[in-house]
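Asker: quick check, what structure comes out for this input:
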Amino acid sequence: MNSVLNNLPGSLAVGADGRRREASGVKGQQQRADGSPRRRSSRDLPLPEATISELDGVRYLHLGHTPWVQGAMRIRRPRKLELEYVQRLMVWLLLHDPEQWTQLRCVHLGLGAGAGVRFTHAEVQARHSTVVEINPQVIAACRQWFRLPADEERLAVLQADAGAWVAEPARRGMADVLCVDLYDHDAAAPVLDDADFYRHCHDLLDDGGVMTVNLFGRNASFRRSARRIAAAFGDGAHAGTDEGPGPRVWMLAPTEEGNTIVIAQKSSVMPEREILLQRAAAVTERFGLRAARWVHALQPLQPPTSA
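Answerer: Have a look, this model is predicted:
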């Protein structure tokens, strides 16, 4: 989930069933002001219709009839990561040697418009990409309107509840990269955000694995999420173990739209800045992403002590 778009003249909404209708207007981007936290489970929420709007050559995915953007694709450049926060979710590239990128197993919780999984599958050419999405209409919309590839040996798109899926013991250690972007049509707080969920995310990763999480806003929801991620991955997560107490949780400074990417590492340390910049140059050369900006925006996460 990125941001809200307002007053888009001439936009077009398309349901996952293929029906076309006028969209609520979309123009510009602004951060949601609602900061009140809500504890929710994705299993308790009705599944909204996936709708689509288009503006200036970019196709947007929405949930229900709200203007909140769940994902985007530039129609003539479908492999390009259109939204800045989705680009930043790929910061895990800096934490792995470029020679290892094609050997990585990537998991995406939340499909959005499919940009992340299209990137890891087609651009990075990762060893395997798995995406877990609870809403069948989102999957159908991505297949029809966002060029989501068909499942094959290196790609699996699963309709499932992400919270239940990561909790299965058989999933432990199955991923080297985990990208989490789980917001509903209200965009007030992540749908899955409790302590157990982040512990299961930690367990899903193999040693040396990296999780990136999209958190929207700088309100009570962000503070609560930050504390829980830090508890699962951070200073307190490995106390008394051979892994040591070093920092495991980092963040990128927020985008203009208010998206903060949190980076959580398992059994690894942050590379030196020189190495990060060298890998950023490789990311830019291969994918055209301005990854040096990620290095400059990187900082240790300091979760607030109060909600």
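Asker: all contacts plus neighbour counts: C-alpha atoms, from now on.
Answerer: Will do.
Asker: can you list the low-confidence ranges for the stretch 1-150 of the chain?
Answerer: Residue ranges of the stretch 1-150 of the chain with pLDDT under 70: 1-45.
Asker: tell me where it has strands.
Answerer: 12-14, 20-22, 50-55, 58-63, 71-74, 105-109, 128-133 (DSSP state E, counting those that start in this stretch).
Asker: out of those, which gets nearest to Arg293?
Answerer: strand 71-74 (21.4 Å; CA to CA).
Asker: adjacent strands (with direction) for the strand or helix carrying Cys179?
Answerer: Per DSSP states H and E: Cys179 is located in strand 175-180. Partners of strand 175-180 in the sheet, by DSSP bridges, are strand 105-109 (parallel), strand 205-216 (parallel).
Asker: any idea which of those scores lowest on pLDDT?
Answerer: Per-stretch mean pLDDT for those is lowest at strand 205-216 (a mean of 95).
Asker: now that one: buried residues?
Answerer: Across strand 205-216, burial judged by 16 or more other CA atoms under 10 Å covers 205-207, 209-216.
Asker: next: stretch 92-108.
Answerer: Within stretch 92-108, the residues that count as buried by 16+ other CA under 10 Å are 92-96, 98, 101, 104-108.
Asker: could you do stretch 283-301 as well?
Answerer: For stretch 283-301, by 16+ other CA under 10 Å, it's 283, 287, 289-292, 294-295, 298, 301.
Asker: how about stretch 84-92?
Answerer: 85-92.
Asker: show me the contact partners of that stretch.
Answerer: For stretch 84-92, the external contacting residues (CA atoms under 8 Å, 6 or more residues apart in numbering) are 2, 81, 115-116, 177, 179, 210-214, 255, 259-261, 263, 289, 291, 294.
Asker: rerun that using 6 Å as the cut-off
Answerer: 81, 212 (CA atoms under 6 Å, 6 or more residues apart in numbering).
Asker: output stretch 172-182 as PDB, nothing but the C-alphas.
Answerer: This file holds the C-alpha atoms of stretch 172-182, laid out as PDB (Å, rounded to 0.1, in the frame of the first residue of the first chain):
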ATOM      1  CA  ARG A 172      10.900 -22.600   8.700                       C
ATOM      2  CA  GLY A 173      14.100 -21.600   7.000                       C
ATOM      3  CA  MET A 174      12.500 -21.700   3.500                       C
ATOM      4  CA  ALA A 175      13.300 -18.100   2.500                       C
ATOM      5  CA  ASP A 176      16.400 -15.900   2.000                       C
ATOM      6  CA  VAL A 177      14.300 -12.800   1.300                       C
ATOM      7  CA  LEU A 178      10.900 -11.900   2.800                       C
ATOM      8  CA  CYS A 179       9.000  -8.800   1.600                       C
ATOM      9  CA  VAL A 180       5.900  -7.800   3.700                       C
ATOM     10  CA  ASP A 181       3.300  -5.400   2.400                       C
ATOM     11  CA  LEU A 182       0.000  -6.100   4.100                       C
END
